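kindly return the folded structure for what I paste below:
(chains A and B)
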Amino acid sequence: EAAVTQSPRNKVAVTGGKVTLSCNQTNNHNNMYWYRQDTGHGLRLIHYSYGAGSTEKGDIPDGYKASRPSQENFSLILELATPSQTSVYFCASGEGRQDTQYFGPGTRLLVL
Amino acid sequence: SQLAEENPWALSVHEGESVTVNCSYKTSITALQWYRQKSGEGPAQLILIRSNEREKRNGRLRATLDTSSQSSSLSITATRCEDTAVYFCATDEEGGRALIFGTGTTVSVSP
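Numbering: from 1, shown residues only, chains lettered A, B, ... in the order given. As a prediction, this is how the structure comes out:
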């Protein structure tokens, strides 16, 4: 069974603070993705990675950075958090672009 | 505008009834996937149907794909309360970077 874990599960941050969301997968998948989910918008792609050392911009990358230090780990970094980044963030992994994506349980972020 | 869109926005049925969610998309695809997201969880894939397939089944689930009308449907028969969830279609745009998800249909199944 594919396994993707995220930490923390819940986070409260202050405006202007730095936030790091972590994702770990034990599937040995090459591709990893970060999405945010907001009511009325569905899942929107922030950043993705094809493998260790690579990061690519998704559809809404502004205000976010990503880091893929290893095959297993993919982080999303908010250098200067803003209230508009309050959302639920999901990490996913997959073999390839056309293949099944396996999602983590999500991180609920509140920026005050 | 969304490149993939489910309709209707929400559905309510009673246990044992059937339900169908529709999806329309706007690009040429290699495959379409259906995902289910239960409250408090991440999405989980239900079915992947490739562009050369017209129908795919998985237990009580049946997906169809019509590439000429750029549409798909997901039907659930003999629904159960645990089928209550948001259902998404996701398309794999040819040459695209990643899956494109719709905004989802909320299905509520009551006893």
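
C-alpha from now on. contacts and neighbour counts both.
Fine.

what bridges to B:A31?
Beta-bridge partners for B:A31, by DSSP bridges, are B:R50.

where are the low-confidence patches of the chain?
Using chain A here. Residue ranges of chain A with pLDDT under 70: A:1-2.

ah, no, chain B please
Ranges of chain B meeting pLDDT under 70: B:1-2, B:93-96.

assign whatever residue of it ends up closest to chain A to helix, strand or coil.
Across chain B, the shortest distance to chain A (C-alpha to the nearest C-alpha) belongs to B:T103, at 4.0 Å. At B:T103, secondary structure determined by DSSP: H, G, I helix; E, B strand; the rest coil is coil.

which residue packs closest to it, ignoring adjacent ones?
Sequence neighbours aside, A:G42 is the residue nearest to B:T103 in space, at 4.0 Å (criterion: C-alpha to C-alpha, 6 or more residues apart in numbering or on different chains).

from B:V13, how far off is that neighbour?
Distance, A:G42 to B:V13, by C-alpha to C-alpha, to the nearest Å: 23 Å.

and what of B:G102?
From B:G102 over to B:V13 (counting by C-alpha to C-alpha), the distance is 22 Å.

between those two, which has more neighbouring residues?
B:G102 (25 against 17; other C-alpha atoms under 10 Å in any protein chain shown).

for that one, grab phi and psi.
Dihedral angles of B:G102 (phi, psi; degrees, to the nearest 10) stand at phi -80, psi -180.

closest point of chain A to chain B, which residue?
A:G42 (4.0 Å).

just want the most central residue of chain A.
A:W34 (2.9 Å; C-alpha atoms, centre = their mean).

how about the contacts made by that one?
By C-alpha atoms under 8 Å, 6 or more residues apart in numbering or on different chains, the contact list for A:W34 reads A:L45, A:I46, A:H47, A:Y48, A:L76, A:Y89, A:F90, A:C91, A:A92.
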